[in-house]
Each structure stands twice: as structure tokens, then as C-alpha cells.
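In: Sharing a sequence plus its predicted fold:
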Amino acid sequence: MSHVFRVFASSLGKKYIMALTGLLLGGFLLVHAAGNSLIFQGREAFTAYAEHLHSFRLILPTAGLLLLAIFLLHIVTGISLFLSNRKAQGHRYAVSKSATETQAWIARTMPATGTTVLAFLLLHLGTVHFADQAVPLADRISQTLTDPLLAVLYAVGIAALALHISHGFWSLTQTFGINHPRYNGLIKICTYLVVILVSSLFIGIMFSFRR
């Protein structure tokens, strides 16, 4: 047990934890986005989906606690790696040598985008999840996004999320050894596509709820 703990407490072990928790959070984000994208079919389709989801009264809270645990583990591990990198690199965020200048810039902004994503999540929970439950979910989201200031904050949060996921995807491939001169160009293109797809999808959902 102590050997396993030492492995996961090492720098490499922490990178694997970051990769795995990031992958799980990314999977949740895709499912969440897919559910929210039902708004493209109209409010009735979205409301039906939300009501069906909340009918799982026992599973939903359990899944929420599990998601919270994964999210906290991701944050704590990320902070630990950041502090270790600062100490090792002379107060600079460590960047893979194989990264392009754009990826290197995104990597250096990871602490800032991570903090912004956390603030965005708290804002989202406060304005939607913990808001007046007597108001239908679609109306709660619409009320939030029709507020100019909140709409701007949501847009900033989505941009930070897209950048964070972009470098997270790149780091995940490097951690799991998906790294070869023949395929690195394709991997880099995929990371840029992630930014475009995530941003476009969530911005589209935002505008649909504002109608």
C-alpha cells in the first residue's frame, strides 16, 4: 500500500491522476453538453430531458458526490503539480519541449484558466443549480443568460474552459505516451479543434436559451 501511495505521490503519478480525472471530467462535460444541446430542438425537448434526469432520485446525488470527489482530486493534484513545477523551473510553469509556441502559451495560462473555470462553475451552480427550484430549469437558465453581465461572465468562463481543455487534451496524450513525430501534427490540430468545438457548442446553447 505504501509503495502504491509513493507511486501516485510522485510527479509522474500525479500526472496520471491529472490525466485520468481530466478524462473523466471531460466525459461528464460531453454528456452535459449533449443533454443541454437538446435546447436546439426546443424547450419542450430540453424540459423533458431535465425531468427524466431528475427522476433518478438516488443515482443523481451519488453521481454528484462522485463528480465532486473527482473534481476536487483534479484541483488538489493540479495545485500540487503547479507548485512542484514552480519550484523546479524557477517560478515558471513547466511546458513540454514538444509543444508549439501556441500550446506553450496555453500551458502557461493553465493556472489562470483553471481558476477561472472554478469561478465559472461556482457561478453556474449559484445561478442555476441552487437558484429558486420553483422556477423551471429552462427559465432559470434563460433568466441568467439574458442578464448582460452574467452573459459576459458565462462567455469568459466558456473561453477559459475551452483553453483549459485544449491543453488538457494535449497533456493527456503526452502522459499516456501518444507522442510520435508522425502524429504530433494531427494531435495538435485536434487540440485546436477541441477549442473551436467546445466554444461553438456552448455559445450556441447560450444563444438558444436567450431566445
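Out: Good, I have the coordinates. Numbers count the residues shown, from 1 in each chain.
In: Next, the buried residues of the strand or helix carrying Ile189.
Out: Secondary structure from DSSP states H and E places Ile189 in helix 184-210. Under the neighbour-count criterion of 16 or more other C-beta atoms under 10 Å, helix 184-210 has 184, 187-188, 191, 194-195, 198-199, 201-202, 205-206, 208-209 buried. Quick note: C-beta positions are derived from backbone N, CA and C, even for glycine.
In: Counting by contacts, list what it packs against.
Out: Secondary-structure packing of helix 184-210 (3 or more C-beta pairs under 8 Å, 6 or more residues apart in numbering; DSSP states H and E): helix 11-36, helix 137-145, helix 148-175.
In: Please state the mean pLDDT value computed over the second one.
Out: What it means is helix 137-145. Averaged across helix 137-145, the pLDDT comes to 89.
In: Just the angle for the lengthiest helix in the chain relative to helix 148-175, thanks.
Out: If each helix of the chain is counted by residues according to DSSP state H, the longest one is helix 59-89. Computed with axes from the mean of the first three to the mean of the last three C-alpha atoms, to 10 degrees, the direction of helix 59-89 lies at 70 degrees from that of helix 148-175.
In: Count residues in the vicinity of Leu137, would you?
Out: Around Leu137 sit 19 other residues, with neighbours defined as other C-beta atoms under 10 Å.
In: same deal with Phe46?
Out: Other residues close to Phe46 by other C-beta under 10 Å number 23.
In: Make CSV from the helices and strands packed on helix 184-210 and add distance to Ile70 to it.
Out: Listed next are those as CSV, based on distance: least, C-beta to C-beta, whole Å:
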stretch, distance to Ile70
helix 11-36, 5
helix 137-145, 24
helix 148-175, 14
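In: Compare those helices and report which one is nearest to Thr113.
Out: Taking C-beta to C-beta, helix 148-175 is the member of the helices and strands packed on helix 184-210 nearest to Thr113, at 4.2 Å.
In: Can you name every helix or strand that the closest one contacts?
Out: Using 3+ C-beta pairs under 8 Å, 6+ apart: helix 148-175 touches helix 11-36, helix 101-108, helix 110-124, helix 137-145, helix 184-210.
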